[in-house]
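*Asks:* What follows is a predicted structure for the sequence shown.
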Amino acid sequence: MPVTITAFADSPDEGQGMARDMRVRWALEEVGQPYEVELLSFSQMKKAPHLARQPFGQIPSYEEDGLVLFESAAIVLHIAQRHRGLLPDEQNARARAIAWMFAAVGTVEPPIVDLEVAELVERDESWSDARLPLVKDRIRGRLDQLVASLGDRDWLEHAFSAADLVMVHVLRRLEGSGILEEYSTLCRYIDRAKARPAHQRAFAAQLAVFNNRQQG
Ligand code: GTB
């Protein structure tokens, strides 16, 4: 049975690759595994059949020979453990790469999500103007630390890994915020990752969903 993942039938980003199925598509492309995509409406995501795969009614989920998984980073880790090419062979480097995957979703992503909430949900609150700079500075703090760790290396470990895949996708959420542009090191890091053929195939596949919707 081929791998099947779920994705938005109507992604709010209109095919810009910001939704988290992009991480899973990219990982599968990196390791050369074919996959099928089940597109879900918002209401389908909240109903029992999908809740059995994804307890929070979100995308992406992942199914493969009786294994049902959720959480994009856990899915990427599973793919990286099952196939060669996304994690270093050497045990310590492998452990570090996995730690960076956790850091991407557990340490770097939360303040970025907080900014989205501040800008999209809280913008009309009386305290919003006072809070926004604090939220942005928390992101800058994390990015300063990430830049220091990356140093002059191309990737978080000696070669591209699942750590970079998840980290770059997390950082892409800052595109257009003006913050990322303050970090030329990170802009180049993201550009290197986006230039990978696997990224381009994954991006094109999710963009095709939007384009087909427009034509249909
Ligand atoms: N921790 C989970 C994971 O990593 O898999 C989070 C999954 C998640 O947040 N899924 C979102 C979802 O299903 C889509 S990716 N949301 C619907 C819901 O919660 O009801 C988040 C996302 C959505 C849209 C954009 N965008 O338009 O730019 C960016 C990111």
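*Replies:* Now that the structure is in, tell me what you want to look at. Everything quoted here is computed from the prediction, not taken from an experiment.
*Asks:* Stretch 165-176 and the ligand, any residue contact?
*Replies:* No: if you take CB under 6 Å from any ligand atom as the test, stretch 165-176 misses the ligand, and the best it gets is 6.8 Å. Just so you know, the C-beta spots here come from the backbone N, C-alpha and C atoms, and that holds for glycine as well.
*Asks:* Show me what the mean pLDDT comes to for that stretch.
*Replies:* Mean pLDDT, stretch 165-176: 97.
*Asks:* surely A118 meets D129?
*Replies:* No: using CB atoms under 8 Å, A118 makes no contact with D129, being 10.3 Å away.
*Asks:* Looking at these two, which is more packed in?
*Replies:* For A118 versus D129, neighbours defined as other CB atoms under 10 Å are more numerous around A118 (18 against 9).
*Asks:* Give me the three-state assignment for that one.
*Replies:* At A118 the chain is in helix, as set by DSSP: H, G, I helix; E, B strand; the rest coil.
*Asks:* May I have the residues that are in contact with it?
*Replies:* Residues near A118 by CB atoms under 8 Å, 6 or more residues apart in numbering: 128, 131-132, 135.
*Asks:* Going by neighbour count, list what's buried in the strand or helix carrying P111.
*Replies:* Using DSSP states H and E, P111 sits in helix 109-120. Buried residues in helix 109-120, defined by neighbour count with 16 or more other CB atoms under 10 Å: 109, 111-112, 114-115, 118.
*Asks:* which residues touch the following helix or strand past that helix?
*Replies:* Sequence order places helix 128-150 as the next helix or strand after helix 109-120, per DSSP H and E. If you take CB under 8 Å, 6+ apart as the criterion, helix 128-150 is touched by 107-108, 111-112, 114-115, 118-119, 122, 125, 156, 167, 174, 179, 182-183, 185-186, 189.
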